[in-house]
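# this one's sequence-less:
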Ligand SMILES: Nc1ncnc2c1ncn2[C@@H]1O[C@H](COP(=O)(O)OP(=O)(O)OP(=O)(O)O)[C@@H](O)[C@H]1O
């Protein structure tokens, strides 16, 4: 990967210490290049969401998650810092899988974070910001005549783009996207993909996806995890056309599945899927 990294992880490990101890992430060191879209892929349960959420300490809202190692945003440590967590999450935004509008108008959904952080001087400036970010996510033309109506009245795909606009409006350095198209119908998913495509030149985006087709279409870089370990990180073309590791080759050609056994261990199987 390139040395022009927006975000780096150093030996990042996450263990869930609830009823059953799970080493969900095992010492992952990675660089996420600036102004590129990186897709995190791998079989179910391999730690994709855990990695994504640990990048802005979102896993901390779950009980029983222990972390070691560190994440750096540029030179700044995400874990060894006195900065309040909301400030970190402003710099490293997160868009969840399920599109959820705040119980506010379309306008206020976008303005929400900007108002909380107090980063505007006048109503005109806020109006401009709302328009700018609705345009960035290709939603302005669809909603400009009904900005005062509830965000929740939009379609699911529109709400997901509204969520993107809300995250972008606080000007994050990095945007984390957790399977942001998986809850959408194909047409809405396509419009969100088009939005991500248009944003990736300007933003550092890190996206978890189950779809290898989507990773091929959208990603500049691909990170492949397997049972909590980093197997391979490479540019998308090299990753799919010339995988360096046998495990990657197996996944790319057959889609490795992981199943948990009754004793709590894991077994692996190969199965062809339509999702490639
Ligand atoms: N809160 C939790 N408590 C205990 N174990 C957890 C918790 N969250 C995740 N895990 C376990 O950690 C491992 C990694 O989970 P994670 O959700 O990160 O994987 P994933 O690759 O995102 O999975 P999927 O593709 O199915 O969404 C799995 O074994 C999962 O069961």
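Arrived safely. Since the model is a prediction, treat every value here as computed from it, not as a measurement. Numbers count the residues shown, from 1 in each chain.
# just the strands in the stretch 51-200 of the chain please.
Along the stretch 51-200 of the chain, the stretches classed as strands by DSSP state E, counting those that start in this stretch are 65-73, 76-77, 92-95, 174-178.
# elements contacting the last one?
Read that as strand 174-178. Applying 3 or more C-beta pairs under 8 Å, 6 or more residues apart in numbering; DSSP states H and E, one finds that strand 174-178 makes contact with helix 48-54, strand 92-95, helix 156-169, strand 204-208. Using the backbone N, CA and C atoms, a C-beta is placed for each residue, glycine as well.
# Taking strand 65-73 as reference, get the angle to it.
Here strand 174-178 runs at 140 degrees with respect to strand 65-73, directions being taken by axes from the mean of the first three to the mean of the last three C-alpha atoms, to 10 degrees.
# do strand 174-178 and the ligand meet at all?
No - using C-beta under 6 Å from any ligand atom, strand 174-178 stays clear of the ligand, with a minimum separation of 8.4 Å.
# Adjust the sequence numbering to begin at 47 for everything that follows.
With 47 as the first residue, the last one maps to strand 220-224.
# partner strands of that strand, parallel or antiparallel?
Each strand paired with strand 220-224, and its direction, by DSSP bridges: strand 138-141 (parallel), strand 250-254 (parallel).
# And for the closest residue to the ligand within the stretch 97-246 of the chain, the neighbour number?
Per C-beta to the nearest ligand atom, residue 108 is where the stretch 97-246 of the chain lies closest to the ligand, at 4.5 Å. Using other C-beta atoms under 10 Å, residue 108 is surrounded by 12 other residues.
# Now do the contacts for it.
Neighbouring residues of residue 108 by C-beta atoms under 8 Å, 6 or more residues apart in numbering: residue 62.
# Helices of the chain, residue ranges please.
In the chain, the helices defined using DSSP state H lie at 94-100, 131-137, 152-162, 169-182, 186-189, 202-215, 232-245, 258-264, 282-287, 292-300.
# so which of those gets nearest residue 83?
When the helices of the chain are compared by C-beta to C-beta, helix 258-264 sits nearest residue 83, at 5.7 Å.
# which secondary structure elements does the closest one contact?
strand 83-87, helix 232-245, helix 282-287.
# which one of the strands paired with strand 220-224 is the most hemmed in?
strand 250-254 (a mean of 25; mean count of other C-beta atoms under 10 Å).
# What residues sit buried inside stretch 115-130?
By 16 or more other C-beta atoms under 10 Å, the buried positions in stretch 115-130 come out as 115, 116, 117, 118, 119, 124.
# Quick one: mean pLDDT for that stretch?
Computed over stretch 115-130, the mean pLDDT rounds to 93.
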